[in-house]
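Asks: here is a sequence together with a model predicted from it:
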Amino acid sequence: DAKTTQPNSMESNEEEPVHLPCNHSTISGTDYIHWYRQLPSQGPEYVIHGLTSNVNNRMASLAIAEDRKSSTLILHRATLRDAAVYYCILESYNAGGTSYGKLTFGQGTILTVHP
Amino acid sequence: GAVVSQHPSWVICKSGTSVKIECRSLDFQATTMFWYRQFPKQSLMLMATSNEGSKATYEQGVEKDKFLINHASLTLSTLTVTSAHPEDSSFYICSASWVMDQPQHFGDGTRLSIL
């Protein structure tokens, strides 16, 4: 499985934007970039995913580098509820566009949000 | 949004006991469910992939006779930890997907403590 590298921790102030980086230099052409987050004592929660183009949803934005070797999760205005471990994961698909389904979680980035 | 329910949320039992954990998809049919284990301060580790009506696929190093997985319907998968010992104490999390290339939805986890 292609590996991702994230900073161990980041800090932000409430209501400020947060940019969480992820490096995935060995990404293959059929790998999707997924972001999940996990609050304490809970299961992970899906945040966003993309392949090549930047993506936006109600939770966040995903900026993908042109060479796809890195990506950035953007939280536009951090709240205290955004404090969590954020995981950047590559999900492999076959040539037919079907996912193998397996998610390999790294250590993630612990995001601390200060009031 | 899609909901995955996991039960029980926590369980404490004596060494040697077998413990069953249920994972239900409440508003969609899950052809595939995944079981993860998470030790304190560590990331999630995939244990097995469960497909409805067929045998589960276990990750390397996971004992299939120790961790019995049953996926008898499209909405229910169960994980039974047989003859549990203190080293089996962990946070067990399931996830489900109704289509392989859609994001996975995670349960809130089961905290298992073996005395």
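Replies: Great, that's in hand.
Asks: ok, the residue in chain A that chain B sits nearest to to A:Val55 distance?
Replies: Nearest residue of chain A to chain B: A:Gly43, at 3.4 Å (C-beta to the nearest C-beta). The way it works is simple: take the backbone N, C-alpha and C, and place the C-beta from them, glycine included. Distance, A:Gly43 to A:Val55, using C-beta to C-beta, to the nearest Å: 23 Å.
Asks: compare the two (neighbour count), which wins?
Replies: Per other C-beta atoms under 10 Å in any protein chain shown, whichever of A:Gly43 and A:Val55 has more neighbours is A:Gly43, with 24 against 17.
Asks: contacting residues for the closest residue to the more buried one other than its chain neighbours?
Replies: Distances taken as C-beta to C-beta, 6 or more residues apart in numbering or on different chains place B:Phe106 nearest to A:Gly43, at 3.4 Å, with adjacent residues excluded. Listed by C-beta atoms under 8 Å, 6 or more residues apart in numbering or on different chains, the contact set of B:Phe106 reads A:Tyr36, A:Gly43, A:Pro44, A:Glu45, B:Val4, B:Ile93, B:Cys94, B:Ser95.
Asks: kindly indicate which of those lies nearest B:Gln102.
Replies: B:Ser95 (11.5 Å; C-beta to C-beta).
Asks: so which bits of chain A are right by chain B?
Replies: Within reach of chain B by C-beta under 8 Å from any C-beta of the partner chain, chain A has these residues: A:32, A:34, A:36, A:38, A:41-46, A:49, A:87, A:93, A:97-108.
Asks: mind giving me the ChimeraX select for those, buried ones only?
Replies: With 16 or more other C-beta atoms under 10 Å in any protein chain shown as the criterion, this ChimeraX line picks the buried residues out of the residues of chain A next to chain B:
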select /A:32,34,36,38,43,44,45,46,49,87,93,99,101,103,104,105,106,108
